[in-house]
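Asks: generate coordinates for the sequence data below:
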Amino acid sequence: MARGDFIRQMPESARDFGRKPTLYERLHIDLPLLAILFALCVYGLVVLYSASGRQVDAVLRQGGFMVLGFAAMFAVAQLDTQTLRRWTPWAYLLGVLLLVAVDVAGIGAKGAQRWLAIPGLPRFQPSEIMKLVMPMMVASFLAATVLPPRFLHVCITLAIVAVPTALVLVQPDLGTAVLITAAGLIVLFLAGLSWRYVMAVVVAVATAAPLMWQFVLYDYQKRRVLTLLDPESDKLGAGWNIIQSKTAIGSGGMAGKGWLLGTQSHLDFLPEGHTDFIIAVLAEEWGFRGVVLLLALYVALMARALWIALRAQDTFSRLTVGGLSLTFFVYIVVNMGMVSGLLPVVGVPLPLISQGGTALISLLAGFGIIMSVATERRRMLG
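Replies: Residues are numbered from 1 along each chain as shown. This is a model prediction of the structure:
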């Protein structure tokens, strides 16, 4: 057998043994993941400059949050997966306590009480932290049980998910509550949840839908659902955002109107163009090609993350990375769905593109966890 064939047939861990680690490996950084994240963040700053009305301060502020986010990502990447798993229950407990603090003494804005201010620190949104902790908490619990999960374990998992979800719904913040719930349920599904349980949940939700409509949803949330079905019924009110967003997307065509030349956003027809509806600004100015470029970067990012999940060393790591990756996919689907009129408007920003500090930092910290898992094999080899 030729020497090259022998080396190719060796286990990857054996081939790596004795090889001098690169700088990125010593820093526990996955280079392809870092490159894609950096490209997305730069793309986001370019779009934000136009969406914010050419406000340099907004771009600089978002750039500052990106620096903090990448610093958090690098810091989290240095932690081994056992340390992450050991601290996960405490992070979950802290997140729940912070959500309780928001409901008791949080800062309100636009009819919602979602932020918390700690002396000496800028205000932040604890629910964003819970979107990161939830898949880790469910993964940590399920990894300690027999898989696929039994009925008792499913019930305990649903309770773990329900507590922070209920606290977020009280704020009220339906969009974030949906994402927190999705983060936990995705991990449960990846753990091998029986389709019988899945169908039972679907039937239960469908059965409880009328009661949820009557007793759980707020009036403004009901209006959003009704507006989705018929936005033309209130063109100057609840349907305004959807109508203007669809107009902006459609007017971009294939090539777009050109950077900084969008009319819907610059003439203030499009509300929240720098946050929830930033994809409409991108579509109007960069056209279909600009949206495809963004989607290509998203797909590359998720593909790399899922590949890391497949190569993970233990159940906790696989479930955590898989959960974080697919929850990231849910963020994209919900935002683009609501902006294009396919889903109700629930206030979910476009990840890594929309303006926002806490969301950006928590997302990048989540990718730090994925990088920690990606380099775990190298860490084990020393």
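
Asks: what about the longest helix in the protein?
Replies: The longest helix of the chain (DSSP state H) is helix 278-310.

Asks: check which residues of it are buried.
Replies: Within helix 278-310, the residues that count as buried by 16 or more other C-beta atoms under 10 Å are 278-287, 290-291, 294, 297-298, 300-302, 304-306, 308-309. No exception for glycine: its C-beta is placed from N, CA and C like everyone else's.

Asks: stretch 360-380 - what's its average pLDDT?
Replies: The average pLDDT within stretch 360-380 is 84.

Asks: in it, what's buried?
Replies: 360-376, 378-379.

Asks: quick one: pLDDT of Glu80?
Replies: One correction, residue 80 is Asp, not Glu. If you check Asp80, the pLDDT there is 89.

Asks: count of residues packed around it?
Replies: As a burial measure, Asp80 scores 15 neighbours (other C-beta atoms under 10 Å).

Asks: any idea how far it lies from Val202?
Replies: Relative to Val202, Asp80 is positioned 38 Å away (C-beta to C-beta, to the nearest Å).

Asks: which strand or helix spans the residue nearest the centre of the chain?
Replies: What sits nearest the mean C-alpha location of the chain, by C-alpha atoms, centre = their mean, is Phe328, with 3.9 Å. Secondary structure assignment for Phe328, by DSSP states H and E: helix 315-339.

Asks: can you give me the angle that helix makes with helix 278-310?
Replies: With axes from the mean of the first three to the mean of the last three C-alpha atoms, to 10 degrees applied, the angle from helix 315-339 to helix 278-310 works out at 160 degrees.

Asks: tell me what helix 315-339 is packed against?
Replies: When contacts are defined as 3 or more C-beta pairs under 8 Å, 6 or more residues apart in numbering; DSSP states H and E, helix 315-339 packs onto helix 81-105, helix 126-143, helix 174-190, helix 278-310, helix 357-374.

Asks: how far off centre is the first one?
Replies: Per C-alpha atoms, centre = their mean, to the nearest Å, the displacement of helix 81-105 from the mean C-alpha position of its chain is 18 Å.

Asks: buried set for it?
Replies: Buried residues in helix 81-105 (16+ other C-beta under 10 Å): 81, 84-85, 88, 91-92, 95-96, 98-100, 102.

Asks: need those in JSON lines (columns: distance to Leu34).
Replies: Conversion of the buried residues of helix 81-105 to JSON lines gives the following (distance: C-beta to C-beta, whole Å):
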{"residue": "Thr81", "distance to Leu34": "19"}
{"residue": "Leu84", "distance to Leu34": "19"}
{"residue": "Arg85", "distance to Leu34": "24"}
{"residue": "Thr88", "distance to Leu34": "24"}
{"residue": "Ala91", "distance to Leu34": "24"}
{"residue": "Tyr92", "distance to Leu34": "28"}
{"residue": "Gly95", "distance to Leu34": "27"}
{"residue": "Val96", "distance to Leu34": "32"}
{"residue": "Leu98", "distance to Leu34": "29"}
{"residue": "Leu99", "distance to Leu34": "31"}
{"residue": "Val100", "distance to Leu34": "36"}
{"residue": "Val102", "distance to Leu34": "33"}
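
Asks: and of those residues, the nearest to Asp57?
Replies: Val102 (27.3 Å; C-beta to C-beta).

Asks: lovely, talk soon.
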